[in-house]
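In: next input, structure requested:
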Amino acid sequence: MSFRRVKIESTYEGLYDGPHATPKPSDSGPVFLGIGNITSDGQLDLSDVRHIAEEDYAAWTKRVVPEPGDIVFTYEATLNRYAIIPQGFRGCLGRRLALIRPNSAKVNPRFLFLYFFGQDWRNTISGNILSGATVDRIPLTKFPEFEVNLPPRPVQDKIADILSAYDDLIENNTRRIKILEQMAQMLYREWFVNFRFPGHEKVKMVESEMGLIPEGWNLCPVTQAVDVDPTTKVPRDGVKPFVPMGSLSPNSMLINDVEKREGNSGSKFRNGDTLFARITPCLENGKTGFVQFLPTDDAVAFGSTEFIVLRSRTVCPEYVYLMARSDEFRDNAIKSMSGATGRQRVQQQSFDRFFIAQPPSDLLECFQSAVAQMFRLIQTLSLKSTNLRTTRDLLLPNLVSGEVSVENLEQEALAETA
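Out: Below you'll find the predicted structure:
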């Protein structure tokens, strides 16, 4: 297979960098992209973004208005992060970000994006880094001269199709996970907040300090239904799973990038426990996880000291997680926070002031039988995506470098990992 080595400027229509300043924050409006919005595996993460005011949009897009298909990348501080601007995006580049607008007549845009994750391009970047007093950077003035190794266009297209098929499967799993979690949260709110559970029409509502609740449901502080930081023994010796704060998501139960560490200092937990961030800004951002990654229900793990561990006593594990995800539960915890600015923590006694209406056991069993399936499927889909990423990441550098031929590599093989 013949590759051509060309200057990268021949593959794009333009190279643009972002503003060298930061706008005043806004509660809503166009997105002001930051380095943190570009993940190391090539995704644009818009779950936590900074906004600019609508009236400021024109001023912050004087250099360029990002368009779908543009490849945005980091050129200072955190290097080697790339993502594609999606359809429907409206915003501007932030500091230390730049973008190129691929010329589809000269290169397959998706192939070019994937090429940036190959070793040849990484070697080019590492050989041109300028080390400053505080951060490293890629000199954008030299960027157009950097070289890329391009196979014939039909090969580019096939490589892009093969690897994109993996990404499509991963994205489909991600959508399904999001829908399943939303369904579980809606069911929790319908049954236990709005009290529209199966057969609710036949149950009388009675007054309580919480307002109207179903007759026979006892009002109690959440600490009667949930153990807060229960005692769990984790052996000091040997390597065990460790969950750092960064493994928790602001909008999903999934706990990713679990580490292996020795010792047992920190929070301690087992399958079925909920990990609830106790420190600012992690709590305000919604970092909450559900533990179901351990191999057995007897297995234990430990993690950050900034987790509060919540374990079901009289409800069910799924109820505890979904309650912890609710705005009401989080707001109650936030109101109790104290300590130095930037390091405030939840006061544990705040949970004594959060009340729930204890559901009857038969209704809880019905609820758990429905949502536990959703929780298990979420974990299964997450594991499938992890396997797909691993396979894709093994293939990518070998395909874009030509070390593995695409001639006999068929996309049908994806079915084995899907």
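In: chain center to the helix or strand bottoming out on mean pLDDT in the chain, what's the gap?
Out: Of all the helices and strands that make up the chain, strand 130-131 has the lowest average by mean pLDDT, DSSP states H and E, namely a mean of 82. Offset of strand 130-131 from its chain centre (C-alpha atoms, centre = their mean, to the nearest Å): 31 Å.
In: who touches the helix or strand following it?
Out: Downstream of strand 130-131, the first helix or strand assigned by DSSP states H and E is strand 136-137. Residues outside strand 136-137 that contact it (C-beta atoms under 8 Å, 6 or more residues apart in numbering): Tyr75, Glu76, Ala77, Leu79, Arg96, Ile129, Leu130. Placement of C-beta: from N, CA and C, glycine included.
In: buried members of those residues into PyMOL, please.
Out: Selection of buried members from the contacts of strand 136-137 for PyMOL, criterion 16 or more other C-beta atoms under 10 Å:
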select buried, resi 75+76+79+96
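In: inside helices: which ones of the contacts of strand 136-137?
Out: Taking DSSP state H, every one of the contacts of strand 136-137 sits outside helices.
In: so, low pLDDT: which residues of the stretch 101-250 of the chain?
Out: Scanning the stretch 101-250 of the chain for pLDDT under 70 picks out 133.
In: the helices in it, which residues?
Out: Under the criterion DSSP state H, counting those that start in this stretch, the stretch 101-250 of the chain carries helices at the ranges 109-115, 119-126, 153-192, 222-225.
In: and the first one, what does it pack against?
Out: Based on contacts counted as 3 or more C-beta pairs under 8 Å, 6 or more residues apart in numbering; DSSP states H and E, the elements that helix 109-115 packs against are strand 71-74, strand 97-102, strand 147-150, helix 153-192, helix 361-401.
In: Throw the ones you listed into TSV and include distance to Ser338, thanks.
Out: As requested, those are exported to TSV (distance: least, C-beta to C-beta, whole Å):
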stretch	distance to Ser338
strand 71-74	37
strand 97-102	37
strand 147-150	54
helix 153-192	29
helix 361-401	33
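In: of all these, which one is nearest Lys233?
Out: Within the helices and strands packed on helix 109-115, the stretch nearest Lys233 is helix 361-401; the backing value is 24.6 Å (C-beta to C-beta).
In: and that closest one, average pLDDT?
Out: The average of the pLDDT scores along helix 361-401 is 94.
In: hmm, who's touching the least confident helix or strand of the chain?
Out: Against strand 130-131 from outside (C-beta under 8 Å, 6+ apart): Asp136, Arg137, Ile138, Pro139.
In: quick one, which of those are buried?
Out: Arg137, Ile138.
In: closest to Phe269 out of the contacts of strand 130-131?
Out: Ranked by distance to Phe269 (C-beta to C-beta), the contacts of strand 130-131 are led by Asp136 at 38.0 Å.
In: just flag the most distant two among the contacts of strand 130-131.
Out: Asp136 and Pro139 (10.7 Å).
In: and Arg261, what is it in contact with?
Out: Val239, Lys240, Phe242, Phe302 are the contacts of Arg261 under C-beta under 8 Å, 6+ apart.
In: taking these one by one, which sit in strands?
Out: Using DSSP state E, the subset of these located in strands is Val239, Lys240, Phe242, Phe302.
In: CSV for these, including neighbour count?
Out: Formatted as CSV, these follow (neighbours: other C-beta atoms under 10 Å):
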residue, neighbour count
Val239, 10
Lys240, 20
Phe242, 20
Phe302, 21
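In: so which of those comes closest to Thr231?
Out: Among the ones in strands among the contacts of Arg261, Phe302 lies closest to Thr231 (C-beta to C-beta), at 12.9 Å.
In: check contacts around the closest residue in space to Phe375 that isn't next to it in sequence.
Out: With sequence-adjacent residues excluded and distances taken as C-beta to C-beta, 6 or more residues apart in numbering, Phe375 is closest to Glu318, at 5.9 Å. By C-beta under 8 Å, 6+ apart, Glu318 lies in contact with Ala184, Phe290, Phe367, Gln368, Val371, Ala372, Phe375.
In: picking up where we left off before, nearest to Pro86, of the ones in strands among the contacts of Arg261?
Out: Phe242 (33.9 Å).
In: element containing the residue nearest to the closest one when sequence neighbours are not counted?
Out: With C-beta to C-beta, 6+ apart as the criterion, Phe242 has its nearest non-adjacent residue at 4.0 Å, and that residue is Arg261. Assigned by DSSP H and E, Arg261 belongs to strand 259-262.
In: can I get that strand in CSV, CA atoms only?
Out: Written as CSV, here are the backbone C-alpha positions of strand 259-262 (Å, rounded to 0.1, in the frame of the first residue of the first chain):
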residue,chain,number,x,y,z
GLU,A,259,-7.9,1.8,40.0
LYS,A,260,-6.0,-0.9,42.0
ARG,A,261,-4.3,0.1,45.2
GLU,A,262,-2.9,-1.3,48.4
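In: the helix or strand following it packs against which elements?
Out: Counting by DSSP H and E, the next helix or strand C-terminal to strand 259-262 is strand 267-270. Contact analysis of strand 267-270 by 3+ C-beta pairs under 8 Å, 6+ apart lists strand 300-303, strand 307-312 as its packing neighbours.
In: change it to 10 Å
Out: strand 239-243, strand 274-277, strand 300-303, strand 307-312 (3 or more C-beta pairs under 10 Å, 6 or more residues apart in numbering; DSSP states H and E).
In: quick one, domains of the chain?
Out: Following automatic domain parsing, the chain resolves into domains at 4-150, 153-202+360-418, 218-358.
In: wait, what's in contact with the residue positioned nearest the centre of the chain?
Out: Against the mean C-alpha coordinate of the chain, by C-alpha atoms, centre = their mean, the closest residue is Ser249 at 5.4 Å. By C-beta atoms under 10 Å, 6 or more residues apart in numbering, Ser249 lies in contact with Ser47, Ile255, Asn256, Asn285, Gly286, Lys287, Thr288, Gly289.
In: need the phi and psi values for it.
Out: For Ser249, the backbone dihedrals are phi -100, psi 150 (criterion: degrees, to the nearest 10).
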